[in-house]
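Colleague: How does the following fold in three dimensions:
(chains A and B)
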Amino acid sequence: GAGVSQTPSNKVTEKGKYVELRCDPISGHTALYWYRQSLGQGPEFLIYFQGTGAADDSGLPNDRFFAVRPEGSVSTLKIQRTERGDSAVYLCASSLGDGRTTDTQYFGPGTRLTVL
Amino acid sequence: KQEVTQIPAALSVPEGENLVLNCSFTDSAIYNLQWFRQDPGKGLTSLLLIQSSQREQTSGRLNASLDKSSGRSTLYIAASQPGDSATYLCAVSPDSNYQLIWGAGTKLIIKP
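Modeller: I've put the predicted structure just below:
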């Protein structure tokens, strides 16, 4: 079956612009996660959705970052007034979200964001 | 605050060797620990997940161990192959939520 997909694969934008990054999770997965990975580092947690609601948004760095999942499937990460420091690979993952300790997260290929 | 460290940052070995990758974490109160593989442009793939009550997990040539009390995990790769070349990351899930806290990874190169 189809895995997690993310679009676009690459996004180049200018400082101050607004960007949207999209994630299509595996069908039937109720949990969805966004991470950010800078070069040479491990991913950094941003936000976790259970269904339509953000169950944990403690990783969002500031109020320029916002994410939605209106129908409990596709999610969009929105970044306002982009800064050069926002440049990174943005990863999305989904899982069954059934509360089991073995609930594996499946990752998409990521969106590489470059802010000039 | 939980911190995850992986040593070494990079490793290059000849094909066929057995090798060990190390992961350490500062807070032993974890829900589970996972090892992932990251290939350029292909995202992350979960290799092994060890629950906090377990000591090890095995999948094919891979064996991961967990010692919660000392805050350590190792990933053992037997009979390494060039296709094993990738970056290997470990991540811990803190108690009561699904957030993952990651190490920076070990970049592994297997030379034919």
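Colleague: When you work out contacts or count neighbours from here on, use the C-alpha atoms and nothing else.
Modeller: Will do.
Colleague: burial of the nearest residue to B:Arg55 once chain neighbours are set aside, as a residue count?
Modeller: Leaving out its chain neighbours, the residue that sits closest to B:Arg55 by Cα to Cα, 6 or more residues apart in numbering or on different chains is B:Leu66, at 5.0 Å. Close neighbours of B:Leu66, defined as other Cα atoms under 10 Å in any protein chain shown, add up to 24.
Colleague: So which bits of the helix or strand harbouring B:Leu66 are buried?
Modeller: Assigned by DSSP states H and E, B:Leu66 belongs to strand B:62-67. Of all the residues in strand B:62-67, those buried under the rule 16 or more other Cα atoms under 10 Å in any protein chain shown are B:62-67.
Colleague: ok, and what's touching it?
Modeller: With Cα atoms under 8 Å, 6 or more residues apart in numbering or on different chains as the test, strand B:62-67 has contacts from B:33, B:35, B:48, B:50, B:54-58, B:72-78.
Colleague: And those residues, which of them are buried?
Modeller: B:33, B:35, B:48, B:50, B:56-57, B:72-77.
Colleague: Turn these into a markdown table, including pLDDT and secondary structure.
Modeller: Output for these, formatted as a markdown table (pLDDT from 0 to 100; DSSP: H, G, I helix; E, B strand; the rest coil):
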| residue | pLDDT | secondary structure |
| --- | --- | --- |
| B:Leu33 | 93 | strand |
| B:Trp35 | 96 | strand |
| B:Leu48 | 94 | strand |
| B:Ile50 | 92 | strand |
| B:Glu56 | 95 | strand |
| B:Gln57 | 96 | strand |
| B:Arg72 | 97 | strand |
| B:Ser73 | 98 | strand |
| B:Thr74 | 97 | strand |
| B:Leu75 | 97 | strand |
| B:Tyr76 | 97 | strand |
| B:Ile77 | 97 | strand |
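Colleague: In a markdown table: the residues you listed, plus distance to chain A.
Modeller: A markdown table is the format used below for these (distance: Cα to the nearest Cα, whole Å):
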| residue | distance to chain A |
| --- | --- |
| B:Leu33 | 10 |
| B:Trp35 | 11 |
| B:Leu48 | 9 |
| B:Ile50 | 8 |
| B:Glu56 | 14 |
| B:Gln57 | 12 |
| B:Arg72 | 17 |
| B:Ser73 | 17 |
| B:Thr74 | 17 |
| B:Leu75 | 17 |
| B:Tyr76 | 20 |
| B:Ile77 | 21 |
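Colleague: Nearest to A:Cys92 among those residues?
Modeller: Of all the buried ones among the contacts of strand B:62-67, A:Cys92 sits closest to B:Trp35, with 17.3 Å by Cα to Cα.
Colleague: Near chain B, which residues of chain A are found?
Modeller: A:40-45, A:48, A:91, A:101-102, A:104-110 (Cα under 8 Å from any Cα of the partner chain).
Colleague: Which ones among those residues lie within strands?
Modeller: A:44-45, A:48, A:91, A:106-107 (DSSP state E).
Colleague: what's the farthest-apart pair in those residues?
Modeller: Using Cα to Cα, these span at most 15.6 Å, a distance reached by A:Glu44 and A:Tyr106.
Colleague: which other helices and strands contact the helix or strand hosting A:Thr114?
Modeller: Using DSSP H and E, A:Thr114 maps to strand A:111-115. If contacts are counted by 3 or more Cα pairs under 8 Å, 6 or more residues apart in numbering or on different chains; DSSP states H and E, strand A:111-115 sits against strand A:10-13, strand A:88-95.
Colleague: Next, the angle from the longest one to strand A:111-115.
Modeller: What that stands for is strand A:88-95. In terms of direction (axes from the mean of the first three to the mean of the last three Cα atoms, to 10 degrees), strand A:88-95 departs from strand A:111-115 by 150 degrees.
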